[in-house]
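Engineer: got a predicted structure here, sequence first:
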Amino acid sequence: MSAVSWWDKSTGLALLTILLWASLAALTSRITSVSPLVLVGLVLFFCGAGALPFWRQWRARPVTWLVTITALLLYHTLLFMSFRHAPVLEANLINYLWPLCIILFTPLLLPGHPLRPQHLLAGALGLAGSVLVMVDGELKLQQAHLTGYLLALGAAIVWGAYSVLSRRLPPAPAVVTAAACLPAGLLALLLAWGLEGPLPLGQIPQTDWLLIMGLALGPMGAAFVTWYLALRDGDPRRIGALAYLTPLLSTLLLVWLNGEELTSRHLLAGSLIMGGALLGLLVKSPKSQRVVKPLS
């Protein structure tokens with residue numbers, strides 16, 4: 001297969017998004033002065049604030065605003081709540097089922113995109129690699145943590161479904177995705193205020209504010225826009241397989257920054273994830289696809 005047949009702009013945007021998301025764990029692990037819900041509210045708020053200079057481009061149908069705001073708020077709320085009800089490592093593993101959800105949801109939500117055996121194999125390889133990256137062979141679904149596991153699974157389903165449904169939303173400028181973070185962040189802060197009491201903004205040290213701004217600019221800011229653009233024009237099945245690179249790169253970044261040991265388990269996981277991503281990437285898209293009717 002020629003380079004032109006498997007590399008395009010959407011693939012490049014997807015890989016850029018994956019690189020940005022890989023830094024999420026490294027940055028958030030250093031912020032301990034606020035609760036996860038307050039953190040996600042602040043980051044989403046600043047993401048949306050960064051889109052204010054482009055307010056003239058905030059032209060989108062109500063369904064686009066509704067779906068995007070709901071997905072951003074619901075996904076992050078479910079994910080960060082899952083960290084409170086289950087061990088973070090195990091909850092995060094379940095959350096990383098969302099790339100597999102993209103691959104499996106595509107034929108259900110996008111007519112003309114059949115699921116092929118290669119996609120299933122790519123998803124299986126990526127999932128196996130993700131398990132090796134995130135656990136040390138001792139993952140057990142304990143009854144005491146069932147609530148957290150279900151919350152993490154809900155987060156994976158929400159983001160997988162949104163990633164595919166974004167192809168069916170009425171066309172809108174990419175900045176709308178960033179702009180939707182503003183109301184989503186405000187809603188998250190209101191939720192935190194209602195559940196946790198007054199927001200401890202005065203207790204946040206300067207270093208944490210800088211990290212929050214970094215998150216808003218990168219893995220929870222620009223990444224939303226590049227992800228939207230990648231899925232708008234690319235093949236969700238291939239992008240879903242590529243997304244399995246995220247936990248691998250995230251682990252490698254943590255190893256590099258924190259000086260943790262890179263074991264043979266990580267190397268084997270990397271091989272599985274790379275193999276799954278490459279397999280999904282090389283699957284040819286059908287030359288003629290049915291026109292997908294947008295959501296109204």
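Structural biologist: Sure, I can see it.
Engineer: so what touches stretch 22-34?
Structural biologist: 39, 42, 92, 200, 203-205, 207-208, 211-212, 214-215, 218-220, 245-246, 249-250, 252-254, 257 (Cβ atoms under 8 Å, 6 or more residues apart in numbering). No exception for glycine: its C-beta is placed from N, CA and C like everyone else's.
Engineer: for stretch 37-45, same thing?
Structural biologist: By Cβ under 8 Å, 6+ apart, the list of residues contacting stretch 37-45 reads 28, 31, 34, 72-73, 76-77, 80-81, 181-182, 184-189, 191-192, 195-196, 199-200, 212, 215-216, 220-221.
Engineer: mean confidence for the longest helix along the chain?
Structural biologist: When the chain is parsed with DSSP state H, its longest helix is helix 62-85. Model confidence over helix 62-85, given as mean pLDDT, is 89.
Engineer: one more: stretch 161-168?
Structural biologist: 87.
Engineer: just stretch 250-264 next, same as before
Structural biologist: 73.
Engineer: same question, stretch 102-122
Structural biologist: 79.
Engineer: end to end on that stretch, go ahead and measure it.
Structural biologist: For stretch 102-122, the first-to-last residue distance is 12 Å (Cα to Cα, to the nearest Å).
Engineer: stretch 48-62 too?
Structural biologist: First-to-last residue span, stretch 48-62, Cα to Cα: 17 Å.
Engineer: which residues does it contact?
Structural biologist: For stretch 48-62, with Cβ under 8 Å, 6+ apart as the criterion, the contacting residues are 169-170, 172-173, 175-176, 178-185, 216-217, 221, 296.
Engineer: kindly recompute the last result at 6 Å.
Structural biologist: The contact list for stretch 48-62 (Cβ atoms under 6 Å, 6 or more residues apart in numbering) reads Pro170, Ala172, Pro173, Val175, Val176, Ala178, Ala179, Cys181, Leu182, Gly185.
Engineer: before we move on, which element is the last one in?
Structural biologist: Spelled out, that is Gly185. Using DSSP states H and E, Gly185 falls within helix 181-196.
Engineer: quick one: contacts for the most centrally placed residue in the chain?
Structural biologist: Here the mean C-alpha position of the chain is nearest to the C-alpha of Trp159 (Cα atoms, centre = their mean), at a distance of 6.6 Å. The contact partners of Trp159, taken as Cβ under 6 Å, 6+ apart, are Tyr75, Trp98.
Engineer: any idea how far Ile273 is from it?
Structural biologist: 18 Å (Cβ to Cβ, to the nearest Å).
Engineer: about what we covered before: now the helix or strand hosting the residue nearest to the centre of the chain - C-alpha only, CSV.
Structural biologist: Following DSSP H and E, one finds Trp159 within helix 146-165. In CSV, the C-alpha atoms belonging to helix 146-165 read as follows (Å, rounded to 0.1, in the frame of the first residue of the first chain):
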residue,chain,number,x,y,z
LEU,A,146,-18.1,-1.9,41.1
THR,A,147,-19.6,1.6,41.2
GLY,A,148,-16.3,3.1,40.0
TYR,A,149,-15.9,0.5,37.3
LEU,A,150,-19.4,1.2,35.9
LEU,A,151,-18.7,5.0,36.0
ALA,A,152,-15.4,4.5,34.0
LEU,A,153,-17.3,2.2,31.6
GLY,A,154,-19.9,4.9,31.1
ALA,A,155,-17.2,7.4,30.4
ALA,A,156,-15.7,5.2,27.7
ILE,A,157,-19.1,4.6,26.1
VAL,A,158,-19.9,8.4,26.1
TRP,A,159,-16.6,9.4,24.5
GLY,A,160,-16.7,6.6,22.0
ALA,A,161,-20.3,7.4,21.0
TYR,A,162,-19.6,11.1,20.8
SER,A,163,-16.5,10.6,18.6
VAL,A,164,-18.5,8.6,16.1
LEU,A,165,-21.6,10.8,16.3
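Engineer: what's the angle between it and helix 62-85?
Structural biologist: Relative orientation of helix 146-165 with respect to helix 62-85: 150 degrees, computed using axes from the mean of the first three to the mean of the last three Cα atoms, to 10 degrees.
Engineer: how about helix 146-165: buried residues?
Structural biologist: Neighbour counts over helix 146-165 (16 or more other Cβ atoms under 10 Å) mark 148-149, 151-165 as buried.
Engineer: from the chain's centre, how far out is that helix? Work that out for me.
Structural biologist: Relative to its parent chain, helix 146-165 has a centroid offset of 10 Å by Cα atoms, centre = their mean, to the nearest Å.
Engineer: following it, which helix or strand shows up next?
Structural biologist: Following helix 146-165 toward the C-terminus (DSSP H and E): helix 175-179.
Engineer: chain center to that following helix: distance?
Structural biologist: Worked out by Cα atoms, centre = their mean, helix 175-179 lies 16 Å from the chain centre.
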